[in-house]
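>>> here's a sequence, model it:
(chains A and B)
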Amino acid sequence: MHIEILAPGILSLIQDAGRFGQHGIGLTSGGPMDPTAFKWANRLLHNDPHATALEVTVGGIKIKSHGRTRVAITGARVGVSINGRAQPQWQSLDLNPGDTLALAYATEGCRIYLAVAGGFKLAKQFGSNSTVVREGVGGLNGQALRAGDTLACGGLSGPYPAHQCLPAPLRPHYCDQVTLRVIRGYQQAHFSRREQALFFQSEFKVGASCDRMGYRLSGPRVRCDMDGILSEGICLGAIQVPKDGQPIILLNDRQTIGGYPKLGSVLSLDLAKLAQLGPGGRVKFAAITIDDAHNLLALAQHKFANSQTESLEA
Amino acid sequence: MTIDIQIAGENALIVYFGEGLSDHVSQHIQSVAGGLSVWVGSLLIDMVPSYASLMVIFNPALTDHLRVRQLIREAAQDARVQGMQTPSRLITLPVYYGAQAAPDLARLAENAGLSCQQVIDLHSAMEYRVYAIGFAPGFAYLGEVDARIAAPRLATPRKKVPKGAVAIADRQTAVYPASSPGGWNLIGLCPQPMFDPNAEPTMPVQVGDKVRFAAIDIGRFLSLGGQLTNGAG
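Reported below is the predicted structural model:
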């Protein structure tokens, strides 16, 4: 059982939970930009939540099924069709041999997840299937999917379980304005109270330079009393402020070390919302403590574990 | 040595060691990282050692920043008691410093008031320490070069630096593990792969190692698998 990529769309990447324990050789973590939508795509198929799936940025992917399987599409709102007939998102869908599944372009959000029953099966690199194009690591030869690529995946055999869907109230909404919760840290003491007030009270816009490595924002100039620091580790969501005072939020494919001062880091749960924004998206920040963050993460984990998908009548 | 533990993010702490970079600080970071490494894969997810800091990423589903602070303090205490005798390996990397491989060597020498040969001699005379690995997979930051051959980054970075390029920026030196954009001054080519995902180990060096460069001629460079490309533009 495998699927064939007829058209790769804008940027389609093989992802799993991410690559961990490899920072020592300079490898970044990778992984889905919106882990919640990614995990739901897998849950709808009774997969492990971190089974290998596709992250499709903006859309345009077209695949052909060579066998019988099931898929689920979550994340950004996008037109889905099988053999030209419209299909719903946030629900498991059957694919029969020869079927063609096509995604249009996202109308709300920009990261779409496409999971397949049993997950995609391919050899891991450094413990993970996550593709980091900049490093040439993971996925198929470290690259984004291309037309003609084939991906082995789990098929469907035996008694068919009931189709699953995520009830509407549990689905995330993607809007073009988000408030990102920030845990202050790193060089925050080098940003004066005035500069921090400016940062937390202003609205920033997502610039043209926004990708899996980082989102560059534009807004009032935030000053730090130091230009550079000795290069040090950069964690997921770190808010780097270069000399021009325009913050950069570092994301899944970030460089592992860097020498710009940082004000702190964005809560991972909110990075998923940021990742769904495109250029022009509006961003505000709100400070929380690391203890708040800990509680919010625990709560989100419980919510995911305790939210149930709904069985649909066969 | 006093350490200063700061928050980096929701699941990361960063430990600062003393002031600035030195062999002593780097050794201390290595010892603490070594002590903490037993937790990687359980309470800890990953660590990033660098010049004067160690970032420690933990699994917030299994622990919290208070417990991780405690683990860090204990590792720092153990490192003090053991007197930091982590031996460092010495790795020798061959370098072809010939003109075709070194587009910035003549300019660097001229600005330094030295001959090309003197720059080569100074660069290959020192033992460098691997302070950090990052920027790209396998990119090892080595320091520090003799002050006489220190050179600022190029005003306009090159779009393409060839794989294996041996380079200087300020008092740091490095070998580009793969072809990439870069603004460092190129003074030679190293034929030995610095990052090979399919090799074991993936990299010939790790943080804390000592590295020395040995000048080789073109014949040896080619026999070691080195390639001259026009990738310096």
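
>>> CA atoms for contacts and neighbours, from now on please.
Fine.

>>> can you pull the contacts of the residue in chain A that chain B sits nearest to?
Closest contact between chain A and chain B, by CA to the nearest CA, is at A:G26 (4.2 Å). By CA atoms under 8 Å, 6 or more residues apart in numbering or on different chains, A:G26 lies in contact with A:255-256, B:133-139.

>>> mean confidence score for stretch B:131-151?
Stretch B:131-151 shows a mean pLDDT of 93.

>>> quick one on the thing from earlier: who wins on neighbours among the contacts of A:G26?
B:P137 (29 neighbours; other CA atoms under 10 Å in any protein chain shown).

>>> and the pLDDT for the closest residue to it other than its chain neighbours?
Leaving aside its sequence neighbours, B:P137 sits nearest to A:G26 (CA to CA, 6 or more residues apart in numbering or on different chains; 4.4 Å). If you check A:G26, the pLDDT there is 94.

>>> tell me the domain ranges of chain B?
Domains of chain B are assigned by automatic domain parsing as B:3-82, B:90-223.

>>> contacts only, for the nearest residue to A:S192 once chain neighbours are set aside.
Closest residue to A:S192 apart from its sequence neighbours, by CA to CA, 6+ apart: A:C224 at 7.4 Å. Neighbouring residues of A:C224 by CA under 8 Å, 6+ apart: A:190-192, A:195, A:241, A:243, A:245, A:261.

>>> swap in A:P161?
Neighbours of A:P161 in contact, by CA under 8 Å, 6+ apart: none.

>>> circling back: need the domains of chain B in a markdown table (columns: distance to A:Y113).
Putting those into a markdown table (distance: least, CA to CA, whole Å) gives the following:
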| stretch | distance to A:Y113 |
| --- | --- |
| domain B:3-82 | 24 |
| domain B:90-223 | 27 |
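
>>> so A:S12 makes contact with A:A147?
No: in this structure, A:S12 is not within contact of A:A147 by CA atoms under 8 Å, at 10.7 Å.

>>> more neighbours: which of these two?
A:S12 (25 against 14).

>>> quick check: residues of chain A near chain B?
Chain A comes close to chain B at residues A:20-27, A:125-126, A:135, A:183-186, A:230-238, A:255-258, A:264-268, A:290, A:293-294, A:297-298, as judged by CA under 8 Å from any CA of the partner chain.

>>> rerun at 6 Å
A:21, A:23, A:25-27, A:183, A:185-186, A:232-233, A:255-257, A:265, A:290, A:293 (CA under 6 Å from any CA of the partner chain).

>>> give me the contacts around stretch B:193-204.
B:138, B:177 (CA atoms under 6 Å, 6 or more residues apart in numbering or on different chains).

>>> and the end-to-end length of that stretch?
In stretch B:193-204, first residue to last residue: 8 Å (CA to CA, to the nearest Å).

>>> swap in stretch B:45-54?
Stretch B:45-54: ends 13 Å apart by CA to CA.

>>> and if you look at stretch A:218-233?
24 Å.

>>> list the buried residues in it.
By neighbour count on 16 or more other CA atoms under 10 Å in any protein chain shown, the buried set for stretch A:218-233 is A:218-220, A:222-224, A:231-233.

>>> where's that stretch relative to the chain centroid, distance-wise?
26 Å (CA atoms, centre = their mean, to the nearest Å).

>>> repeat for stretch A:295-310
Distance, centroid of stretch A:295-310 to centroid of chain: 18 Å (CA atoms, centre = their mean).

>>> equivalent analysis for stretch A:44-55, please.
13 Å.

>>> run through the neighbouring helices and strands of the lengthiest helix in chain B.
Scanning chain B for the longest helix, with DSSP state H as the assignment, gives helix B:65-82. Here helix B:65-82 touches helix B:23-36, going by 3 or more CA pairs under 6 Å, 6 or more residues apart in numbering or on different chains; DSSP states H and E.

>>> which helices and strands does the next helix or strand after the helix it packs on pack with?
The C-terminal neighbour of helix B:23-36 among helices and strands, as given by DSSP states H and E, is strand B:44-49. Counting contacts by 3+ CA pairs under 6 Å, 6+ apart, strand B:44-49 packs against strand B:53-58.

>>> fine, thanks again, bye for now.
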